[in-house]
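Participant: model this:
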Amino acid sequence: MSRPVLVFDSGVGGLSVVTALRQQVPGLPLAYVCDNAALPYGTKPDSWLLRRIVDVCVAAVAASDARVLVVACNTASTLALEALRERLAIPVVGTVPAIKPAARLSRSGVIALLATTATVTRPYTDRLIEEFAGHCTVARVAADPLVAQAERWLAGEPLDARVLAECLAPLAAIAKLDTVVLGCTHFPLLRESLASMAPGPVHWIDSGDAIARRVVQVVGEVSQSTVSSGAFLSWATAPDNPGLARAFSGFGFQPPKRLNEAS
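Facilitator: Take a look at the predicted model:
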């Protein structure tokens with residue numbers, strides 16, 4: 001099997017990007033790493049988090065012999081892309097909220113960005129909105145509890161409908177809303193449940209397809225002869241976390257090996 005594309009996230013959210021990659025490039029060899037020992041990222045100081053992200057990704061690239069690193073995390077992308085590109089000799093593909101395609105899709109000109117507090121408050125998000133959605137009204141809705149819900153759901157635990165309802169409640173107050181940006185890679189994993197509880201019909205859009213298209217540009221066509229018939233490798237900083245192996249198995253990955261982020 002050829003060298004894989006390594007997908008990195010703080011937790012299981014990057015598995016939504018794995019889905020998009022497999023839809024666009026079915027034969028692409030993949031590997032996955034999550035820094036679940038430090039989850040959630042949104043509560044950590046930026047300076048500490050920057051060092052942590054670089055250490056984990058450098059160690060994971062070495063362990064996997066990856067040919068491309070996909071940073072499938074908005075928080076990590078806004079903080080660490082430049083530092084990762086300086087440290088790594090392979091291409092690094094980042095993640096940003098899908099503000100640009102949402103602005104093109106919206107007919108009413110009213111968009112909601114559903115994301116973590118870290119993403120909705122970052123200057124990077126301000127610049128995205130100014131550059132690509134200056135003609136739209138963009139409401140920012142922090143929904144941090146959805147991260148834990150996605151982690152629980154993939155681990156086989158039931159969703160808490162009350163938590164989902166509370167996170168979506170601000171959308172009901174946004175007049176003429178027709179498009180919601182899922183600005184955290186965890187959130188598309190809950191798309192069906194979120195759509196069923198939304199206050200009205202809206203378009204849901206995320207960054208998965210755009211990331212997959214960028215990866216295709218970087219790696220080119222993939223020969224089916226490069227694909228392994230077995231499950232792909234994965235790593236985690238806390239691999240013994242209950243439910244993690246179950247979540248990875250559902251997406252075709254082997255149970256995670258322990259990654260020493262200081263290696």
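Participant: chain center to stretch 142-149, what's the gap?
Facilitator: 13 Å (Cα atoms, centre = their mean, to the nearest Å).
Participant: just the buried positions in it, please.
Facilitator: Neighbour-count burial for stretch 142-149 flags 142-144, 146-147, 149 (criterion: 16 or more other Cβ atoms under 10 Å). For every residue, glycine as well, the C-beta is placed using N, CA and C.
Participant: then stretch 74-86?
Facilitator: Buried, per 16+ other Cβ under 10 Å, within stretch 74-86: 74-81, 83-84.
Participant: repeat that for stretch 151-159.
Facilitator: For stretch 151-159, the neighbour count (16+ other Cβ under 10 Å) marks 151-154, 159 as buried.
Participant: on that earlier part again, just the buried residues of stretch 142-149 now: which is nearest residue 36?
Facilitator: Nearest to residue 36 among the buried residues of stretch 142-149, counting by Cβ to Cβ, is residue 147 at 11.2 Å.
Participant: surely the closest one forms part of a helix?
Facilitator: Yes - Residue 147 forms part of a helix when assessed by DSSP: H, G, I helix; E, B strand; the rest coil.
Participant: next, count neighbours for the residue nearest to it when sequence neighbours are not counted.
Facilitator: Sequence neighbours aside, residue 186 is the residue nearest to residue 147 in space, at 4.8 Å (criterion: Cβ to Cβ, 6 or more residues apart in numbering). Residue 186: 30 surrounding residues under other Cβ atoms under 10 Å.
Participant: hang on, residue 186 packs against residue 11?
Facilitator: Yes - the pair residue 186 / residue 11 is scored as a contact, 6.8 Å apart, by Cβ atoms under 8 Å.
Participant: all the helices of the stretch 51-200 of the chain, residue numbers only.
Facilitator: 74-87, 99-105, 117-120, 123-132, 145-154, 161-168, 191-197 (DSSP state H, counting those that start in this stretch).
Participant: which one of these lies closest to residue 5?
Facilitator: Between the helices of the stretch 51-200 of the chain, helix 74-87 lies closest to residue 5; by Cβ to Cβ that is 14.7 Å.
Participant: remind me what that closest one packs against, helices and strands.
Facilitator: helix 46-64, strand 68-71, strand 92-93, helix 117-120 (3 or more Cβ pairs under 8 Å, 6 or more residues apart in numbering; DSSP states H and E).
Participant: can you give me the buried ones in the first one?
Facilitator: Translated: helix 46-64. Applying 16+ other Cβ under 10 Å to helix 46-64 flags 49-50, 52-61, 63-64 as buried.
Participant: export the residues you listed to JSON lines and tack on pLDDT and distance to residue 7?
Facilitator: Listed next are the buried residues of helix 46-64 as JSON lines, based on pLDDT from 0 to 100; distance: Cβ to Cβ, whole Å:
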{"residue": "49", "pLDDT": "94", "distance to residue 7": "19"}
{"residue": "50", "pLDDT": "95", "distance to residue 7": "20"}
{"residue": "52", "pLDDT": "97", "distance to residue 7": "17"}
{"residue": "53", "pLDDT": "96", "distance to residue 7": "14"}
{"residue": "54", "pLDDT": "97", "distance to residue 7": "17"}
{"residue": "55", "pLDDT": "97", "distance to residue 7": "17"}
{"residue": "56", "pLDDT": "97", "distance to residue 7": "13"}
{"residue": "57", "pLDDT": "98", "distance to residue 7": "11"}
{"residue": "58", "pLDDT": "97", "distance to residue 7": "16"}
{"residue": "59", "pLDDT": "97", "distance to residue 7": "15"}
{"residue": "60", "pLDDT": "98", "distance to residue 7": "10"}
{"residue": "61", "pLDDT": "97", "distance to residue 7": "12"}
{"residue": "63", "pLDDT": "96", "distance to residue 7": "14"}
{"residue": "64", "pLDDT": "96", "distance to residue 7": "10"}
